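**Q** Predicted coordinates and the sequence they were generated for:
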Amino acid sequence: MAKGKIVAGVLAPHPPHLVYAENPPQNEPKAECGWETLRWAYERLRSSLARIEYDVIIVQSAHWRTNSGTHFLGVPHFKGLSVDPVFPNLFRYTYDLKVDVPLAEAICQKAEAAGLATEMMRNKDYRIDYGAIVSCHMTNPSWDTPIVGISSVGSARYFNMDVLQAQMFKLGQATREAVEASGKRAVLLSSNSLSHRHFTKEPALVEDMSFEHINNHNQYLWDMKMIDLMKRGKSREMIDILTDFTEQASAETDSGALSWMMSAMNFPDYPAEVHGYGTVIGTGNAIVEWSQA
Amino acid sequence: MNPVIKGYVLPGLPHLLLTPEANPGWQKIRSAMDKVRDEIAKSEADVLMIYSTYWPSVIGHQILARPEAEWVHVDEQFHAVGSIPYKIKADRELALTYVEMAKARNLQAREINYHGFPIDTGSVVVSKIVNPDNRIPCVVVSSNVYSDRAETIVLGKAARDALLKQKKKAIAIVVTSLSNRIHDKVTAPQDDKIHSLKDQEWNQKFLEFLGEGRLEDVSQLSRQFHKEARVHKVGNFKPFWWLASVMGQNNLYAGNVMEYQPVYGSGAAVVSLTPSSKAARDLEFDENDPESFPGERNVLGGGEPAAHASLRELEADADIDVGAEIGADEPDDLEVEDDAGAGSNPR
């Protein structure tokens, strides 16, 4: 068996607004338009990924939060309705997805061997979180590739970002080793925004883009700082300041997904492809690809 | 008329519904919640008014208004303890009035009435245990992650407005743990304990106040409790602000700590608060008692929000009192308590 490989890692944010504005048949609410800069960025990502072969998408979601260790989807097939608890007016999505359970179990075992608390999620009634669904849908709307779903842990709040990052570095290494041992080609998704302070009101017509902008300039400056490091291939420097960024920009990197992905990719020192940046209800979101194909 | 005939503080982790027998402490909590069920069944309440810390919101305040919500719920973290099929009946008419009253007090609020909406674990667990046959409909309101004291006090007042407008009697319930730090690895039920001595001590201090019926004192202590005994996942510890507000902002209660035990490391307490004519403690507070929410102050952006700016312009132009101006904007049909009984503010 050939050695497996992580062929790409993607910062793939999950605002449900993007699926809403795409109007896929799976989503009940319909939009006129909206958030095109981000949706076009996802189009560019899909074009890029279409040029490489991959067998599995591994997604760590900020919206599957487990405080008692890292959990992994452990049921081969999920089908159901996902309604966003925060934006139910925008996202009521019928999903039907397959899980690569053997690979999930392999990552889980390697993470446990590395000293992390882990658990497989075996409940067939479990409802997939909307964050993972949005990131996966926007990356691969055909859903023709199985996924591995990984929860995010609450260590940034329970302890601090440094503790979280130490755990995510181990999880990233476990992911890389499991992928290599599996012989599969994997795309990783870090499902999170950058700066993450929302507006607490929305316009009557949610997709009215005249209301859309960054919540505050401080967040914007921090987002640009992070994106600049990504573009220059400075992933280690980016991770080094992630604690400050997370605190100062209320960033969703407190999920640990970006730290996990950078570790799994062995902290790439080449420039990332920034497909686009835009705001959603005040939060900063970038679609960024690190290709190793 | 005091529209709130009783208040409860109840925990919402799924172990209490699905596996209480796994730990003697969990069983004690469950037994206390079963007593609450019996008390509610004997009450004359028209509705259960629930504030759940397990239901975070971002866009203002979401209020469950689906007449009959049905689903099979699985907790995202404690999925291994089992699935929870549920049916919850909401008082839609009251929920819509709550939305209306919240908006009248300048809050962002909306009804939630979608098939498959993920009702939170805490609301499901509490509803299944204390109101298993849906004999009394409920109204559930979310906990906005960004809101703080003023906004939450106003949210509680809006709930009271809605009850008064519809002339309904309610039991007010906050679904919350006290200390909320759970075990950070899978822990066997027999090994359960409060996560730290510090959490334990703060829980006991809070319970001492609640046992004496000092709800307003607990409300005033919420910020400190958040700092000391809560994982900082949201801006602040809000449930007692809402409960104190909806129950009348006083210390006129008979408090009863029915049980307190660890549940997966968190502090789980079952507490009842019954309006009384005798004050538990005669204290005065000088913290502002807002009637309307003027909006976010936009601290990060450095600008001045419209509400504040316009009010200050009014103040400057006409030499009027801003607080009085806010009060003047309230709808005419809001009933104002005029008795000096249990529901009135002792200040």
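**A** Yep, it's here.

**Q** C-alpha from now on. contacts and neighbour counts both.
**A** Noted.

**Q** what's the neighbour count on the residue nearest to residue B:12 when sequence neighbours are not counted?
**A** Distances taken as Cα to Cα, 6 or more residues apart in numbering or on different chains put residue B:122 closest to residue B:12, at 3.9 Å, once the chain neighbours are dropped. Other residues within reach of residue B:122, judged by other Cα atoms under 10 Å in any protein chain shown, total 24.

**Q** and whichever strand or helix holds residue B:122, what other elements does it pack with?
**A** In the assignment (DSSP states H and E), residue B:122 maps to helix B:121-130. The contact analysis (3 or more Cα pairs under 8 Å, 6 or more residues apart in numbering or on different chains; DSSP states H and E) places helix B:121-130 against helix B:15-18, helix B:24-42, strand B:47-57, strand B:84-89, strand B:170-175.

**Q** touching chain A at all, the third one?
**A** Spelled out, that is strand B:47-57. Yes: residues of strand B:47-57 are located near chain A by Cα under 8 Å from any Cα of the partner chain, namely B:56, B:57.

**Q** Equivalent analysis for the shortest one, please.
**A** No: against chain A, helix B:15-18 shows no contacts by Cα under 8 Å from any Cα, the least distance being 14.2 Å.

**Q** Show me the contact partners of that helix.
**A** Residues outside helix B:15-18 that contact it (Cα atoms under 8 Å, 6 or more residues apart in numbering or on different chains): B:26, B:27, B:29, B:30, B:81, B:82, B:125, B:128, B:129, B:263.

**Q** Let's verify the closest residue to chain B within the stretch 101-250 of chain A: helix, strand, or coil?
**A** For the stretch 101-250 of chain A and chain B, the shortest gap (Cα to the nearest Cα) falls at residue A:200, measuring 4.4 Å. Following DSSP: H, G, I helix; E, B strand; the rest coil, residue A:200 is assigned to coil.

**Q** residues contacting it?
**A** B:58, B:59, B:60, B:108.

**Q** So the last one sits against residue B:102, correct?
**A** Yes: counting by Cα atoms under 8 Å, residue B:102 is a contact partner of residue B:108 at 7.2 Å.

**Q** More neighbours: which of the two?
**A** Per other Cα under 10 Å, whichever of residue B:108 and residue B:102 has more neighbours is residue B:102, with 26 against 20.

**Q** which residues sit in contact with that one?
**A** Residues near residue B:102 by Cα under 8 Å, 6+ apart: B:108, B:109, B:154, B:155, B:158, B:159.

**Q** And residue B:72, by the same measure?
**A** Taking Cα under 8 Å, 6+ apart, one finds A:125, B:83, B:84, B:85, B:86 in contact with residue B:72.

**Q** Columns pLDDT and distance to residue A:291 on top of the residues you listed, output as CSV?
**A** As requested, the contacts of residue B:72 are exported to CSV (pLDDT from 0 to 100; distance: Cα to Cα, whole Å):
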residue, pLDDT, distance to residue A:291
A:125, 98, 35
B:83, 98, 40
B:84, 98, 42
B:85, 98, 44
B:86, 97, 46
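
**Q** Could you tell me the per-residue confidence at residue B:325?
**A** Predicted confidence (pLDDT) for residue B:325: 36.
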